[in-house]
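Student: pasted the sequence and its predicted model underneath.
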Amino acid sequence: MSLKVKIKDFEGPFDVLLHLIRKNKMDIYNIKLYEITTQYLEYIKTLEEMDLEVTSEFIITAATMIEIKSRALLPKEKNDDDNADDIDPSKELINKLIQYNKFKGAALYLKEKEKSSEIVYSKKGEIIEDTHEVSTEELLKGVTMLKLFKIYEEVLNSYYNKQNITVIEREIPIDSFKIEDKIDKIRKIITDKKMVVFSEIVFESVCKMEVVVTFLALLELAKLREVQLLQSENFQDIIVERIN
């Protein structure tokens, strides 16, 4: 397992070079390495107590960049046929930087995927048994019409039980309470009292349905402007007041 040493937020010489490239707003596919060589050497001088392996990597890269800068400063001869087979250190270093930048981008992408995968719970694989196809003759072997009818009846019963189907009563009950009757009752009450509380009107109600019908009758009287309804706060008792 290799040891990765991180120095002052940079992981090796290529990380420093990428930082300088971005700092100088250069295109990674069109880098002028000789322009950032001085900055790179100044950075090396600031490193303290470096690991020997890391130091050698920085020094090798620095030597390559010095060579590149020297070649850029020296005048070029018109006939370079003898040096045509020489390896250009500038292109070689730029190619390595491009590859390093791609791997670093991929590493950051995978790191973000790792964070998102921590909240994903996958389902375990299911073992599906391999079943061979059964022919109709084999499936219906030994089955009589009586057995088929019983199976059909069991399927229907199972379906109805799952659906919780209940039989609807065919007898429709007659309404026990009518709005007209409740209107007459309220009119009699407010004839004796100009103001009455709604809870007194429904005090003798035998069920919720009667209370609802009484309230609807009260709204109808308010619509006819025979009474006005007052309430100090929500859920407080409703006061019924006769208008005339």
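Tutor: Happy to help now that I have it. Numbering: from 1, shown residues only.
Student: C-alpha from now on. contacts and neighbour counts both.
Tutor: Will do.
Student: distance of Ser117 from Lys111?
Tutor: Distance of Ser117 to Lys111, computed by CA to CA, to the nearest Å: 10 Å.
Student: cool, and Gly12?
Tutor: For Gly12 relative to Lys111 (CA to CA), the value is 19 Å.
Student: so which of these two has more stuff around it?
Tutor: Gly12 (16 against 12; other CA atoms under 10 Å).
Student: Ile189: neighbour count?
Tutor: Using other CA under 10 Å, Ile189 has 16 neighbouring residues.
Student: could you do the one 4 residues further on as well?
Tutor: Neighbourhood size, Lys193 [other CA under 10 Å]: 12.
Student: what are the phi and psi angles of it?
Tutor: Dihedral pair for Lys193: phi -120, psi 130, per degrees, to the nearest 10.
Student: do the same with the one 3 residues further on
Tutor: Geometry field for Val196 lists phi and psi as phi -150, psi 150, criterion degrees, to the nearest 10.
Student: what's the answer for Val197, then?
Tutor: phi -90, psi 140.
Student: any idea what it is bridged to?
Tutor: Taking DSSP bridges, one obtains Ile239 as the residues bridged to Val197.
Student: state the pLDDT value of it.
Tutor: Looking at Val197, its pLDDT reads 90.
Student: also Leu219?
Tutor: Taking Leu219 on its own, its pLDDT is 91.
Student: tell me the buried residues in the helix or strand harbouring it?
Tutor: In this assignment (DSSP states H and E), Leu219 forms part of helix 208-223. By neighbour count on 16 or more other CA atoms under 10 Å, the buried set for helix 208-223 is 210-211, 213-222.
Student: which strands and helices sit next to that helix?
Tutor: Here helix 208-223 touches helix 179-192, strand 227-230, going by 3 or more CA pairs under 8 Å, 6 or more residues apart in numbering; DSSP states H and E.
Student: how is this protein divided into domains?
Tutor: 13-74+89-109, 179-242 (automatic domain parsing).
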